[in-house]
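Enquirer: below are the sequence and a predicted model; questions follow.
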Amino acid sequence: MNMELLTLLRTIPDPEIPVINIVELGIVRDAKMISENEAEIVITPTYSACPAMFNIEEDIIKLFREKGISAKVTTKISPVWTTDWMTDEAREKLRSYGITPPEKGANENHLNVPKKCPRCGSENTREISRFGSTLCKATYQCNDCLEPFDYFKCH
């Protein structure tokens, strides 16, 4: 991957979770120059129906145009995105933002495992809804501090 292009792409926040950028989230799969003024950026959605992908593609094209580069954005759905592609920095930023990230290597049973409250650290939590404000999140509540929080679902 072209490091200069990755540096540019790190300035694009995720539209649904602006505290992390699209590189940290792990959706940028490749970034390369294909000619002197043209770049190809390959992205993989967190979910195949993720509505934020349209915004992300537009943000990439706009940013590169401002830098005098034509950007070709290619969306690949295979291999399927996994939360293991998120950086450790992104996981910590999510925690600080109030969203509990999944542990690396979490499997399909991850929703049945206690979630750590991002506010007080308690594992005495309960699922409120398997479906949160976005496709990639579920809603939980801490039974100790009583605060609701989002859990970033793994897959």
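Expert: Alright, I've got the coordinates.
Enquirer: and Val42, what element?
Expert: Assigned by DSSP states H and E, Val42 falls within strand 38-43.
Enquirer: dump the C-alpha coordinates for that strand into CSV.
Expert: The C-alpha coordinates for strand 38-43 follow below in CSV (Å, rounded to 0.1, in the frame of the first residue of the first chain):
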residue,chain,number,x,y,z
GLU,A,38,-4.8,8.6,-10.7
ALA,A,39,-5.1,6.5,-7.6
GLU,A,40,-7.1,3.3,-6.9
ILE,A,41,-8.5,2.9,-3.4
VAL,A,42,-10.1,-0.5,-2.5
ILE,A,43,-12.5,-0.5,0.3
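Enquirer: helix/strand/coil for the spatially most central residue of the chain?
Expert: For the chain, Leu25 is the residue whose C-alpha lies nearest the centre (C-alpha atoms, centre = their mean; 3.5 Å). Classification of Leu25 by DSSP: H, G, I helix; E, B strand; the rest coil places it in coil.
Enquirer: ok, and the closest non-adjacent residue to it?
Expert: Asp14 (5.4 Å; C-beta to C-beta, 6 or more residues apart in numbering). For the C-beta atoms, the positions are set from N, CA and C on the backbone; glycine is no exception.
Enquirer: top helix in this protein by residue count?
Expert: The longest helix of the chain (DSSP state H) is helix 52-66.
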